[in-house]
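Q: let's see this in three dimensions:
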Amino acid sequence: MTKVILHVEDEENDVILFRHAMTKAGQGVLIQVATDGQKAIDYLNGTGGFANRDAFPFPSLVLLDLKLPHVSGVEVVKWIRQEAQLSLPVVILTSSESDEDIAAAYEVGVNAYVVKPSDTRQLTEIAKAIRDFWINLNRPRPNVSTGKGAPKAASAGF
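A: I've put the predicted structure just below:
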């Protein structure tokens, strides 16, 4: 089964650079893109233009920018953790090095916080690390009921 990364990024050049870096790293994953926070939530919900799970399969990892139109990256993580009750791994990939942004991201439940490098070689190394750990090695907690009721997303067909 092909692993999927949902890359939530509003800057087209950053999307292109990351796809190129993943290709150089020996991609082996499908990268789906949501260009704002609301589209990321719609993708994860499988609603609107993302209703076809054959075309838009549920991701193994969310790679998320912080500064997004409509719904911020922090709000997307809050939705993933609180509303959807998903244990889906979320890695922040952003240009912000602000301690406040880093703290806010971890406070709402991100799994990792990575600052985008300006050097394409470094981005390839980051892409390789993401692929190696988050896609190949990591085994996330399954989205199963723990006696408190089934997660909302699970009842919606995920």
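Q: which SS class is residue 102?
A: At residue 102, secondary structure determined by DSSP: H, G, I helix; E, B strand; the rest coil is helix.
Q: for the closest residue to it other than its chain neighbours, give me phi and psi.
A: Closest residue in space to residue 102, ignoring its immediate chain neighbours: residue 113 at 5.3 Å, by C-beta to C-beta, 6 or more residues apart in numbering. (Each C-beta comes from the backbone N, C-alpha and C, glycine too.) When read as degrees, to the nearest 10, the backbone of residue 113 gives phi -130, psi 120.
Q: pretty sure residue 60 contacts residue 91?
A: No. Counting by C-beta atoms under 8 Å, residue 60 does not reach residue 91; the two are 11.3 Å apart.
Q: what strand or helix carries the spatially most central residue of the chain?
A: Residue closest to the mean C-alpha point of the chain, counted by C-alpha atoms, centre = their mean, is residue 62 at 1.1 Å. Using DSSP states H and E, residue 62 maps to strand 61-64.
Q: for that strand, packing partners?
A: Under the contact criterion of 3 or more C-beta pairs under 8 Å, 6 or more residues apart in numbering; DSSP states H and E, strand 61-64 touches strand 3-8, helix 37-45, helix 73-78, strand 90-94.
Q: circling back to that earlier point, wait, the residue nearest to the centre of the chain sits on residue 90?
A: Yes. Residue 62 lies in contact with residue 90 (C-beta under 8 Å); the separation is 4.6 Å.
Q: am I right that residue 68 sits in a strand?
A: No. Secondary structure of residue 68 (three-state DSSP): coil, not part of a strand.
Q: excluding its backbone neighbours, what's nearest it?
A: Distances taken as C-beta to C-beta, 6+ apart place residue 37 nearest to residue 68, at 4.3 Å, with adjacent residues excluded.
Q: give me phi/psi at the closest residue to residue 4 other than its chain neighbours?
A: Leaving aside its chain neighbours, residue 4 sits nearest to residue 59 (4.4 Å; criterion: C-beta to C-beta, 6+ apart). Note on residue 59: its backbone torsions stand at phi -80, psi 160 [degrees, to the nearest 10].
Q: contacts for the longest helix anywhere in the chain?
A: Counting residues, the longest helix found in the chain (DSSP state H) is helix 12-24. Residues from elsewhere that reach helix 12-24 (C-beta atoms under 8 Å, 6 or more residues apart in numbering): 5, 7, 9, 29, 31, 33, 63, 65, 93, 116, 120, 123-124, 126-127, 130-131.
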